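Peer 1: I would like to see how this sequence folds:
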Amino acid sequence: MSENLIFVDFGSFAIYWYAVFMVLAAAAASCLFVLFRGWQGEDASHAWNTVVGAMPAALIGSRIFYGWFGVASFTGGWKDFMDLPSGGYAFYGAAGGLLLALAVSAAVRKDSFVRLLDAAMAPLAAALVIVRFAGITSGEDMGFPVQTDSPRKLPFLIWSEAEQSWNVWVGFFEGVAAAVILAVCAVFFVSRYVRHGKGTRNGDTTLVFMMMYGLSQSVFESMRNDSLFMVTLGFVKISEIVSIVMAVAAFVVVAVRYFRVRGNARGLVISCVCYAALLTAAVICEFKMNAVDLLRNYGIMSVSLGLMLVISFRLLLSGRSVADASAGGVSAGRTHAPVTRGRNPRRVSSRGGQFPDMPLNDSETVFNA
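Peer 2: Okay, here's the model as predicted:
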């Protein structure tokens, strides 16, 4: 297949298919975010105002990140930087711009930053589903070459014009992983903000996204041949480092919350030791990656990161299961309105989407048990 497929060609100016899919991804994520904020009790106009501020911030952040770590692509300086249709975007830069925009929105409207993050996770995953699969139109997200007699029968192989070989289409796996993350984040979000389930807390959806995306992307970034590298350490892929750091940060938060709720120091220590050992095994496999033992190293690396995800989810769910521990007949982690007798309680939305009789700050921070 040809790379960078053109949607419309105006001679000196062209619009690529990948750009079209990026716009569709942004539109889908925006609509989902407004929907999710509505489930939190937020007015649609306010949610759209947040989207309007977040979009340019994400675009600028994405461009800056790519320009910093892919400096070779911007030899023309500002002229190349402003040439947006030619590509050159990075997800983690967009995520950084999005975080900044949400933080500003929360500060201006005196809203909960964590609740905004929870509402943004599933839409972000939905955008990733579209963008990852759309990578086939630009020749991006490709991995190592594969020798096979029947390449067209394998959906995860893609032809590279530049290398004249069949390569692993990493975007296929990234798209499938993003779809799974979308489904899981949606379940956690609905459990917390729609069903007001017992034991659910603000920040759960964000932690789930960080754990799942961080650990899965660590493998995929290792497989890609078009990743950005560290400026000072040319052999280290920056996105892989950020992915691991994000997953570990989520694990630390989950571990702290687990200990605050359970108080099980022994179980926590065992989990942390196992997590650290698995992380070490994954890092060793990455540095020992070679053509001879490629599949073996990726296999060990994937299993190690998968087990790390299992440990993270175990701590998260174990901490949630006793969040409603009764204290004198009153639920300690109540996240739903108390049942009233003799009248039909009416849901009244307010800023932040809380019930009038529900404490606004019952779980405002990710660390709150």
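Peer 1: going forward, measure contacts between C-alpha atoms and count neighbours the same way
Peer 2: Will do.
Peer 1: which secondary structure elements does the longest helix seen in the chain contact?
Peer 2: Longest helix in the chain, counting residues (DSSP state H): helix 294-321. Counting contacts by 3 or more Cα pairs under 8 Å, 6 or more residues apart in numbering; DSSP states H and E, helix 294-321 packs against helix 204-223, helix 238-262, helix 265-287.
Peer 1: pLDDT weak spots in the stretch 251-369 of the chain?
Peer 2: Judged by pLDDT under 70, the stretch 251-369 of the chain has its weakly predicted residues at 291-292, 321-369.
Peer 1: repeat that with 90
Peer 2: Along the stretch 251-369 of the chain, the model assigns pLDDT under 90 to residues 261-264, 283, 285-298, 318-369.
Peer 1: for the stretch 101-250 of the chain, same thing?
Peer 2: Those would be 109, 131-173, 195-201, 219-242, if you go by pLDDT under 90 across the stretch 101-250 of the chain.
Peer 1: Let me see the ranges of the helices in it.
Peer 2: 113-134, 170-189, 204-223, 238-262 (DSSP state H, counting those that start in this stretch).
Peer 1: Enumerate every residue touching Ser312.
Peer 2: Neighbour list for Ser312: Met211, Phe251, Val254 [criterion: Cα atoms under 8 Å, 6 or more residues apart in numbering].
Peer 1: and which of those residues is nearest Gly175?
Peer 2: Met211 (16.5 Å; Cα to Cα).
Peer 1: Does that closest one touch Met246 like I think?
Peer 2: Yes - the criterion here is Cα atoms under 8 Å, and Met211 meets it with Met246 at 7.3 Å.
Peer 1: So these two - more neighbours on which side?
Peer 2: Using other Cα atoms under 10 Å as the criterion, Met211 and Met246 rank with Met211 on top: 25 against 20.
Peer 1: List the residues that contact the nearest residue to the more buried one once chain neighbours are set aside.
Peer 2: Once flanking residues are discounted, Met211 sits nearest to Ala247: 4.6 Å by Cα to Cα, 6 or more residues apart in numbering. Going by Cα under 8 Å, 6+ apart, Ala247 touches Met210, Met211, Met212, Tyr213, Gly214, Leu215.
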